[in-house]
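**Student:** using only what follows, build the 3D model:
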Amino acid sequence: MTETTGGDSARRKTFRVLGLPAVAALFAQDPGRVERLFFDDRMKEKVGAYCAALAQARKVYRLLPADEMEKVAGTPLHGGVVAVAPPRPVLPFDMDEAARWAAAGQPLMILDGVGNPHNLGAIVRTCAFFGINRLVLSDHGEQALPSEATYRVAEGGLEYVTLYQASRFVQTLRHLRAHYRIVGTALGDHPDPAAVLAGGQSKPAALILGNEEVGLPATTLQACNQLVTLRGSGQVQSLNVSATAAILVHALATSWAQRG
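**Tutor:** Numbers count the residues shown, from 1 in each chain. Take a look at the predicted model:
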């Protein structure tokens with residue numbers, strides 16, 4: 001459950017951030033966002049520095065018994081520590097910024113209609129692990145946005161990966177082609193991603209993954225420079241989108257390293 005805090009003129013949605021990796025990333029990157037901290041006995045030594053910072057800022061921190069921790073967290077799977085903080089904002093996508101990223105050879109990861117917040121969190125975690133620190137979301141009606149579930153699965157990745165959302169998505173892709181090679185993922189007889197994403201190209205790649213059930217919309221596919229297919233043994237048709245992302249983000253990060 002999310003909350004709002006502050007007066008009527010400045011209400012802020014807050015999320016519960018669960019587990020030490022996510023809470024540690026939050027304190028490392030933006031400790032001022034933390035509004036409250038709750039922890040159980042097993043975590044009290046590990047969160048001592050966080051409590052000191054909150055005490056200095058005159059914010060709430062509290063040691064709770066197990067049953068109260070579960071109530072505060074909303075789940076027994078809280079890892080012994082819960083921070084309450086507003087999420088980082090999803091920023092509007094700016095083409096001028098994107099042109100600068102492309103000029104620096106920085107690849108992009110794009111999601112168009114990935115609807116499960118757990119999948120979004122897993123993809124963010126993968127992006128953070130491989131150092132792809134920008135993720136663009138489409139304005140697709142089913143596209144998931146950050147939630148408490150996303151934060152939980154991302155394991156701190158949302159403190160390192162900045163999310164952007166592009167309106168008029170297909171038109172944005174067409175303009176983005178001036179700066180990036182737009183590479184879409186699809187079932188079918190398309191080239192292997194590793195070859196397409198390899199370094200040495202004139203433009204960096206912007207890789208798009210689509211909805212878990214139906215993939216990329218036809219209009220998005222038509223806006224791509226090239227399509228790729230990740231092939232397996234054929235025993236099952238496809239991977240979960242977060243598993244596909246893990247493989248392709250590694251290839252994207254490798255291509256970036258090769259360009260450097």
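
**Student:** just name the shakiest helix or strand of this structure by mean pLDDT.
**Tutor:** Lowest on mean pLDDT, DSSP states H and E among the helices and strands of the chain sits strand 3-5, with a mean of 53.

**Student:** what's the first helix or strand after that one?
**Tutor:** Later in the chain than strand 3-5, the nearest helix or strand by DSSP states H and E is strand 12-18.

**Student:** show me what the strand or helix carrying Leu207 is packed up against.
**Tutor:** Taking DSSP H and E as the definition, one finds Leu207 inside strand 205-210. Using 3 or more Cβ pairs under 8 Å, 6 or more residues apart in numbering; DSSP states H and E as the contact test, the elements touching strand 205-210 are strand 108-112, strand 181-185, helix 193-197, helix 241-259. C-beta here means a position set from N, CA and C on the backbone, and glycine is covered the same way.

**Student:** can you check which of the ones you listed gets nearest to Phe38?
**Tutor:** For Phe38, the closest of those is helix 241-259, at 28.7 Å, according to Cβ to Cβ.

**Student:** any idea how far Ile182 is from Ala144?
**Tutor:** 21 Å (Cβ to Cβ, to the nearest Å).

**Student:** what strand or helix carries the most centrally placed residue in the chain?
**Tutor:** Taking Cα atoms, centre = their mean, the centroid of the chain lies closest to Val124, which sits 2.8 Å from it. If you go by DSSP H and E, Val124 is part of helix 117-130.

**Student:** and the angle from that helix to helix 241-259?
**Tutor:** 20 degrees (axes from the mean of the first three to the mean of the last three Cα atoms, to 10 degrees).

**Student:** tell me what helix 117-130 is packed against?
**Tutor:** Going by 3+ Cβ pairs under 8 Å, 6+ apart, helix 117-130 lies up against strand 108-112, strand 134-137, helix 148-154, helix 241-259.

**Student:** how near is Ala128 to Thr219?
**Tutor:** From Ala128 to Thr219 the distance is 30 Å (Cβ to Cβ).

**Student:** wait, isn't Val249 in contact with Arg125?
**Tutor:** No. Taking contacts as Cβ atoms under 8 Å, Val249 lies outside contact range of Arg125: 10.1 Å.

**Student:** where does pLDDT dip in the stretch 101-250 of the chain?
**Tutor:** Scanning the stretch 101-250 of the chain for pLDDT under 70 picks out 199-200.

**Student:** residue contacts, Ala251?
**Tutor:** Residues near Ala251 by Cβ atoms under 8 Å, 6 or more residues apart in numbering: Pro193, Ala194, Leu197.

**Student:** now, which of those residues sits nearest Gly32?
**Tutor:** Nearest to Gly32 among these: Leu197, at 37.7 Å, using Cβ to Cβ.

**Student:** what is the neighbour count of His140?
**Tutor:** Burial of His140 is recorded as 18 neighbouring residues (other Cβ atoms under 10 Å).

**Student:** quick one, what contacts it?
**Tutor:** Taking Cβ under 8 Å, 6+ apart as the contact definition, His140 lies against Asp112, Gly113, Phe169, Asn211, Pro217.

**Student:** switch the cut-off to 7 Å
**Tutor:** By Cβ atoms under 7 Å, 6 or more residues apart in numbering, His140 lies in contact with Asp112, Gly113, Phe169.
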